[in-house]
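Enquirer: predicted model and sequence below, questions to follow.
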Amino acid sequence: MLRLADVSHTYSDGRRRTTVLKGIDQDFERGTFYTVLGPSGSGKTTLLALASGLENPTRGTVSFEGRDLTELGLGRYRNRHAATIFQQYNLLTYMTALQNVTTAMEITGATPPSGGRRAHALRLLDSLGLDRAEATRNVRRLSGGQQQRVAIARALACEVDLLFADEPTGNLDEDTAGGIVEIFRELAHEQGKCVVVVTHSAHLAARSDRVLTLRRGRLTERRADTAGTGAPGTGRPVRSRKTQPTSPRTPPETRPTSPPTSSGTQPTSPPTSSGTQPTSQPTSSGTQRPTPPPTPRSSGRG
Ligand SMILES: Nc1ncnc2c1ncn2[C@@H]1O[C@H](COP(=O)(O)OP(=O)(O)OP(=O)(O)O)[C@@H](O)[C@H]1O
């Protein structure tokens, strides 16, 4: 589905050049939940930025279903196929949860399967455990875990095949984080999405199908028997055997250990193409990653 072929990435900072990723070859498949581990500064966020179409690699190709993203167009790819959930959610804090979701649908031109955008957004939020009162509340008055679920609903509303998340449980308590991880598993195993999550959490990695580790610019895969849920020794994803329907499900309504901070809710700008991406993304070095401007669809999904 998504292929990184001989991908390298070098940042140039004045006269200094830092090669963060070195010749990465990796396929990401449908119906699979991946986690990417690695020490701080190893390039996990950079890898996510390239895979999610926020940036082009300085060498190599990223292709979606056989088409190079530069040929497909990064904006088009993000609009139609990939959504990113950021650690700080990047919600629009002057809006309700519902408005955050419907605005993303408007920007990306996502067409709801039935009913209007509002009804679809309410259904999505409900399936993630946010009732109507919570859905119509300003997002600043929601807990960290609820805001995270709004960010997930917003990504899902754009009906993409690929879901990327950067440290999605970093600010959450154990129960809430566990609920979010189960949502990722269901999205992969029951809705056939490809979910790629960057994390420092060994617990989260243990719930994923395939665990990739980034170290010194190289990506390696840990055997599934040490990852927790994969078939022992095969490294292959394990499909969920659950029989109950996906929706509605209700993740735990616990609050984060620390209250949501303003940084967890302050967007730097309105959502762009996928409805989930800010115009710039802070990096570990404190600099801003440039991201392209929004490219709204002219018509329905194609
Ligand atoms: N825009 C940039 N310009 C220059 N260097 C950058 C830029 N963005 C990131 N880097 C550098 O690239 C390296 C990898 O950064 P990245 O954010 O991808 O790492 P990470 O593994 O996600 O780190 P963390 O786990 O701390 O979030 C770091 O050394 C960082 O300083």
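Expert: All right, it came through fine. Remember, predicted model here, so these are calculated numbers, not experimental data. Numbering: from 1, shown residues only.

Enquirer: now His203: which helix or strand?
Expert: According to DSSP states H and E, His203 maps onto helix 202-206.

Enquirer: now that helix, how far from the centre of its chain.
Expert: Helix 202-206 sits 16 Å away from the centroid of its parent chain (CA atoms, centre = their mean, to the nearest Å).

Enquirer: now that helix: mean pLDDT?
Expert: Mean pLDDT, helix 202-206: 91.

Enquirer: what's downstream of that helix, the next helix or strand?
Expert: Scanning forward in sequence from helix 202-206 by DSSP H and E, the next helix or strand is strand 210-215.

Enquirer: what pairs with that following strand, parallel or antiparallel?
Expert: According to DSSP bridges, strand 210-215 forms sheet pairs with strand 33-37 (parallel), strand 218-222 (antiparallel).

Enquirer: ok, and which of the ones you listed has the densest surroundings?
Expert: Ranked by average neighbour count under the criterion mean count of other CB atoms under 10 Å, the strands paired with strand 210-215 are headed by strand 33-37 at a mean of 25. Yep, even glycine has a C-beta here, placed from its N, CA and C like the rest.

Enquirer: can you show me the strands along the protein?
Expert: For the chain, the strands defined by DSSP state E cover 2-13, 16-28, 33-37, 59-64, 67-68, 82-85, 162-166, 194-198, 210-215, 218-222, 280-282, 288-290.

Enquirer: most packed of the ones you listed?
Expert: Mean neighbours per residue, mean count of other CB under 10 Å, is largest over those for strand 82-85, with a mean of 28.

Enquirer: against which helices or strands is that strand packed?
Expert: Packed against strand 82-85 by the contact rule (3 or more CB pairs under 8 Å, 6 or more residues apart in numbering; DSSP states H and E) you find helix 144-157, strand 162-166.

Enquirer: just put these in JSON lines and tack on mean pLDDT.
Expert: Output for these, formatted as JSON lines (pLDDT from 0 to 100):
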{"stretch": "helix 144-157", "mean pLDDT": "88"}
{"stretch": "strand 162-166", "mean pLDDT": "94"}
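
Enquirer: so which of the ones you listed is nearest the ligand?
Expert: Proximity to the ligand (CB to the nearest ligand atom) singles out strand 162-166 among those, at 7.5 Å.

Enquirer: please convert the strands paired with strand 210-215 to CSV, extending it with distance to Arg149.
Expert: Below are the strands paired with strand 210-215 laid out as CSV (distance: least, CB to CB, whole Å):
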stretch, distance to Arg149
strand 33-37, 17
strand 218-222, 28
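
Enquirer: nearest to Phe28, out of the helices and strands packed on strand 82-85?
Expert: Closest to Phe28 of the helices and strands packed on strand 82-85, according to CB to CB: strand 162-166, at 7.3 Å.

Enquirer: give me the sheet partners of that closest one and which way each runs.
Expert: Counting by DSSP bridges, strand 162-166 is paired with strand 82-85 (parallel), strand 194-198 (parallel).

Enquirer: what about that strand and the ligand, any contact?
Expert: No - applying CB under 6 Å from any ligand atom, one finds strand 162-166 out of contact with the ligand, separated by at least 7.5 Å.

Enquirer: and for stretch 35-45?
Expert: Yes - using CB under 6 Å from any ligand atom, we find that stretch 35-45 touches the ligand at 38, 40-45.

Enquirer: so what does the longest helix belonging to the chain touch, helix or strand wise?
Expert: When the chain is parsed with DSSP state H, its longest helix is helix 174-189. When contacts are defined as 3+ CB pairs under 8 Å, 6+ apart, helix 174-189 packs onto strand 33-37, helix 144-157, strand 162-166, strand 194-198, helix 202-206.

Enquirer: now render the strands of the chain as CSV, adding distance to Gly116.
Expert: Below are these laid out as CSV (distance: least, CB to CB, whole Å):
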stretch, distance to Gly116
strand 2-13, 31
strand 16-28, 33
strand 33-37, 31
strand 59-64, 29
strand 67-68, 32
strand 82-85, 21
strand 162-166, 24
strand 194-198, 27
strand 210-215, 38
strand 218-222, 42
strand 280-282, 31
strand 288-290, 35
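
Enquirer: nearest to Arg137, out of the ones you listed?
Expert: Here strand 82-85 is closest among the strands of the chain (CB to CB), at 20.0 Å.
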